[in-house]
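Participant: fold the following and give me the result.
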Amino acid sequence: MKAMMLTGIRQMELKNIPEPAVVKPNDVKIKMSVLGICGSDVHYYRNGKIGSQKVEFPFTLGHEGAGVVVEVGPKVKRVKPGDKIAIEPAMPCWECDQCLAGRHHTCRKLKFLGCPGQAEGCLTEYIIMPEESCFPLTGKLTADHGSISEPMAIGVYAVKKSGGVKGLKIGILGFGPIGMSVMLAAKAEGADSFYVTDKLDPRLSISTKEGASYTGNPLKEDVVKNILMKEHLGLDVVFECCGMQDAFDNACDILKPGGKLVVVGIPEFERWTMDVETTRRREVSLQFIRRQVDCVESALEMMKNGKIDVKNMVTNRFPFSKTKEAFDLVADYKDGVMKAMIDF
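Facilitator: Next comes the predicted model:
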């Protein structure tokens, strides 16, 4: 079968590799249909690493996927051949202290698609996943919904970990696919208003379509000043969704005393810094997000019943053979890209 493999920094090649086989009783063999390019994929593409996780070339990226079941192991009951499914890329051990405590996203032995040292990604024609990572796409849910359920589950989880947003004024700093997922999840949960910042105007335009109360580009205006002019008491919850120090600083400045900062973004640097007086005197709560826990089904259900509408998320599509062009587009923020999809 064919696999699109990362062979160096910003280098990809289409290679022939052995087709995987069902071996374990709970194995599910999947023919890939579509894959969304994630910001973490781009970190590996652009830098070859995220923190201590370093790529050994060649390596296959990709974890936001959906496909069709072609074969299952003898103990599989959740799905059957022919089913369209969303793929949850995390494969916990289900036995360690973290898994037993309901924190399988921080499993001690976690294997994750497209993560160096853990598992090859799903930029391949076929993959094998455990039954627990397969979620049927029912009703009007498409392969795109299945792929988007991965970042959307993170948005749902981030809103959940914020303590709730119903009736609150929230900020979303960084409006890429994760920021958009947070906004859509917060809308579904009844947030009052949204203050969105991003350095790319096309993304701000999408946030306006989704109902943002304010949008601002920090490269062109003082976003802190302008948000506080509208909400002089500050915001209740701010989601940092781009992994940037300046966004983190802005978040601290626009939070009201007792507000909560939820850090969802993945930075390319190694240490955050924060102003002690701003955070301590205001008693700001800080919550970091590590993917999600048990929110895939919730994300799929909200897309299925219309509480979440992702029609504005996918902006670009590429065939599998042009995956490198897609990665270059996303890495360089070209063409107003929000979410680029690879069609197999």
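
Participant: only alpha carbons, please: show stretch 185-195 as PDB.
Facilitator: What follows is stretch 185-195, C-alpha atoms only, in PDB (Å, rounded to 0.1, in the frame of the first residue of the first chain):
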ATOM      1  CA  ALA A 185     -18.600  24.100  21.500                       C
ATOM      2  CA  ALA A 186     -19.100  27.200  23.700                       C
ATOM      3  CA  LYS A 187     -21.900  28.400  21.400                       C
ATOM      4  CA  ALA A 188     -23.600  25.100  21.900                       C
ATOM      5  CA  GLU A 189     -23.300  25.400  25.600                       C
ATOM      6  CA  GLY A 190     -24.800  28.900  25.600                       C
ATOM      7  CA  ALA A 191     -21.900  31.300  26.100                       C
ATOM      8  CA  ASP A 192     -23.100  35.000  26.000                       C
ATOM      9  CA  SER A 193     -20.500  36.600  23.800                       C
ATOM     10  CA  PHE A 194     -17.100  36.000  22.100                       C
ATOM     11  CA  TYR A 195     -14.000  38.100  21.800                       C
END
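
Participant: okay, now the domains of this protein?
Facilitator: 2-136+313-343, 154-288 (automatic domain parsing).

Participant: which residues of the stretch 101-250 of the chain fall in strands?
Facilitator: Counting by DSSP state E, counting those that start in this stretch, one finds strands in the stretch 101-250 of the chain at the ranges 111-112, 126-130, 134-136, 169-173, 193-197, 214-216, 235-240.

Participant: sorry, back to before: just put the domains of the chain in a markdown table and tack on distance to residue 303.
Facilitator: No exception for glycine: its C-beta is placed from N, CA and C like everyone else's. Listed next are the domains of the chain as a markdown table, based on distance: least, C-beta to C-beta, whole Å:
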| stretch | distance to residue 303 |
| --- | --- |
| domain 2-136+313-343 | 10 |
| domain 154-288 | 9 |
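
Participant: check the burial of the closest residue to residue 109 other than its chain neighbours by counting its neighbours.
Facilitator: Spatial nearest neighbour of residue 109, chain neighbours left out: residue 93 (4.2 Å); criterion: C-beta to C-beta, 6 or more residues apart in numbering. Counted with other C-beta atoms under 10 Å, residues neighbouring residue 93 total 14.

Participant: ok, now which ones touch residue 138?
Facilitator: The contact partners of residue 138, taken as C-beta atoms under 8 Å, 6 or more residues apart in numbering, are residue 304.
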